[in-house]
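coordinates for the following, if possible.
(one chain, ligands or ions: 4)
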Amino acid sequence: YELLKHMRFALEQNELYLHFQPQINVHSKHVVGVEALLRWKHNDQLISPAQFIPLAEQTRLIIPIGEFVLKEAFKLAEDFYKSNTSIVVAVNISAVQLKWDFLFAQVMRLKQVYTFPNAFIEFEVTESLLITNEDEAIDVIKELKRMGFLITIDDFGTGYASLSYLKRFPFERIKIDRNFIKDYPQTDDGSIAKLIINLAKNLNIEIVAEGIETLDQLEFLKQHDCNIIQGFYFSKPLSKEDLFAYIHKLS
Ligand code: G
Ligand code: G
Ligand code: MN
Ligand code: NA
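Ligands and ions are numbered 1, 2, ... in the order given. Reported below is the predicted structural model:
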């Protein structure tokens, strides 16, 4: 309805832009990655991606919007590469995009413009996407992985068939969902997070924790060898300009 009508014009009206949330290696204290997060400002009002992404998926507007996100992410990755900064740019990918004709074709086109190694880009896919068992989506993920792009399972633990899928797809990383950490130490959250971290360790998969807001949470994760942290404790998602200032400050 109303929102949908405006979303159709959001791209051409330049109402969409990205913010980037730093991911910190707790030992080196350096920024090792950033997650690209889409923002939509319409008539001075910010509309949350949690609200408009599902709509964009239903209407397939996520295809051109996703291409915009990819372009901006590739641009930033090239900046990092050219300035000898090894920071990975993570992009969220919806199931609708994971087709040879969409995401894969877009990636191949962009690759001709830029020079950075593929490992500067990480694709975050959700567990639920794997569970739907869409053959084409899985094949696209595998091919991107084979080409050297990093593949991460986002929101890990919120889907269902997680364990068997971890065996079938050798991902580089999993991101523990914020829900398993957000109430630590008040609730039992710690034990679930610990379980997921140990699982990742046993499978030799790197683990990223997101939504870290307190020193208690940080210390707990560090103690259990979860070394890459994303959350308001370090920084909220930042504009490109603020991101560069933040990286500069930490290095
Ligand atoms: O930034 P925020 O926490 O409000 O994001 C809310 C949700 O929107 C998250 O689940 C995030 O993965 C999703 N999201 C943000 N940007 C993008 C994007 O560029 N593409 C897709 N598919 N999802 C996104
Ligand atoms: O689903 P996904 O992991 O892509 O969502 C990332 C979302 O989490 C973004 O909307 C981002 O703004 C939000 N986020 C990141 N760090 C924190 C945090 O420390 N606390 C809270 N409440 N949200 C966070
Ligand atoms: Mn994400
Ligand atoms: Na997540």
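
only C-alpha atoms from now on, for both contacts and neighbour counts.
Will do.

next SSE after the helix or strand that contains residue 38?
Element membership for residue 38 (DSSP states H and E) is strand 31-42. Downstream of strand 31-42, the next assigned helix or strand under DSSP H and E is strand 45-47.

give me the sheet partners of that next one and which way each runs.
strand 31-42 (antiparallel) (DSSP bridges).

by contact count, what packs against the helix or strand bottoming out on mean pLDDT in the chain?
In the chain, no helix or strand scores lower on mean pLDDT, DSSP states H and E than helix 162-168, which sits at a mean of 73. Packing partners of helix 162-168 (3 or more CA pairs under 8 Å, 6 or more residues apart in numbering; DSSP states H and E): helix 127-131.

one more time with 10 Å
Contacts defined by 3 or more CA pairs under 10 Å, 6 or more residues apart in numbering; DSSP states H and E place helix 162-168 against helix 127-131, strand 150-156, helix 189-202.

any idea which of the ones you listed is most buried?
With neighbours defined as mean count of other CA atoms under 10 Å, the helices and strands packed on helix 162-168 peak in mean count at strand 150-156, which reaches a mean of 23.

does ligand 4 have contacts with that strand?
Yes. Counting by CA under 5 Å from the ion, ligand 4 is contacted by strand 150-156 at 154, 155.

in CSV, list the C-alpha atoms belonging to that strand.
Extracted C-alpha coordinates of strand 150-156, given in CSV (Å, rounded to 0.1, in the frame of the first residue of the first chain):
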residue,chain,number,x,y,z
LEU,A,150,33.3,-15.6,2.4
ILE,A,151,30.0,-17.1,3.4
THR,A,152,28.5,-16.7,6.8
ILE,A,153,25.4,-18.1,8.4
ASP,A,154,23.6,-15.2,10.0
ASP,A,155,21.2,-15.3,13.0
PHE,A,156,22.6,-18.8,13.9
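
up against ligand 1, what does the stretch 1-150 of the chain have?
37, 38, 48, 49, 50, 69, 92, 93, 94 (CA under 6 Å from any ligand atom).

the first one is in contact with residue 66, isn't it?
So that's residue 37. No. Using CA atoms under 10 Å, residue 37 makes no contact with residue 66, being 11.1 Å away.

shared neighbours of these two, anything?
Both residue 37 and residue 66 are in contact with 91, 92, where contact means CA atoms under 10 Å, 6 or more residues apart in numbering.
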